[in-house]
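Enquirer: The following comprises the amino acid sequence and a computationally predicted model.
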Amino acid sequence: MLELDMALRRQLTASAHHLNPVVTIGKDGLAENVISELDRNLLKHELIKIKVLEGDRGQRTSLLEQICLSLNAAPIKQIGKILIIYRINPDKKNVETTAVDISKSDSKPKRKPAQRMKKAPPRK
């Protein structure tokens with residue numbers, strides 16, 4: 001299972017905020033086709049959300065661990081029935097570069113400072 005430092009984990013959590021779940025795990029649980037679909041989505045997106053419909057908190061936590069172990073991914077966060085996982089794309093070099101790319105893509109464009117206008121001469 002991939003381990004990440006806390007700063008990167010926070011950054012990835014913020015980046016995942018606007019994402020929608022790509023896979024929903026129902027009553028059948030973690031089947032082989034679900035694992036392959038998760039693998040495909042991780043290759044494409046690196047950071048994904050998963051929605052779990054069944055089970056209590058403990059079952060969802062063990063499911064998150066199972067998924068991360070089988071896919072060599074990092075668990076980012078579990079919020080209720082939503083699981084967030086991350087796995088670096090093998091085409092990219094290192095985690096720091098990917099994290100910087102993610103943070104740059106989500107940032108707002110910076111505004112230019114307003115130009116000051118020259119004061120008009122006083123009227124007579």
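Expert: Sure, I can see it.
Enquirer: how about the strands in the chain?
Expert: Per DSSP state E, the chain carries strands over the ranges 21-25, 47-52, 74-79, 82-86.
Enquirer: in stretch 1-16, what's buried?
Expert: Within stretch 1-16, the residues scored as buried using 16 or more other C-beta atoms under 10 Å are Leu4, Leu8, Arg9, Gln11, Leu12, Ser15, Ala16. C-beta here means a position set from N, CA and C on the backbone, and glycine is covered the same way.
Enquirer: so what's the closest residue to the last one other than its chain neighbours up against?
Expert: Right, Ala16. Excluding its sequence neighbours, the residue lying closest to Ala16 (C-beta to C-beta, 6 or more residues apart in numbering) is Ile84, at 4.8 Å. Contact analysis of Ile84 by C-beta atoms under 8 Å, 6 or more residues apart in numbering lists Leu12, Thr13, Ala16, Leu47, Ile48, Lys49, Ile50, Pro75, Ile76, Lys77, Gln78.
Enquirer: and Ile84, bridged to which residues?
Expert: Beta-bridge pairing for Ile84 (DSSP bridges): Lys49, Lys77.
Enquirer: circling back to that earlier point, relative to Glu32, which of the buried residues of stretch 1-16 is nearest.
Expert: In terms of C-beta to C-beta, no member of the buried residues of stretch 1-16 lies closer to Glu32 than Ala16, at 25.4 Å.
Enquirer: surely that closest one meets His45?
Expert: No - Ala16 lies out of contact with His45 (C-beta atoms under 8 Å); the separation is 10.0 Å.
Enquirer: how deep is Thr61 tucked in, by neighbour count?
Expert: For Thr61, the count of nearby residues is 14 (other C-beta atoms under 10 Å).
Enquirer: What of Arg40?
Expert: By other C-beta under 10 Å, 12 other residues sit near Arg40.
Enquirer: From Gly55, how far out is it?
Expert: For Arg40, the distance to Gly55 equals 24 Å [C-beta to C-beta, to the nearest Å].
Enquirer: go on, Gln66?
Expert: 12 Å.
Enquirer: and what of Ile82?
Expert: In terms of C-beta to C-beta, Ile82 sits 13 Å off from Gly55.
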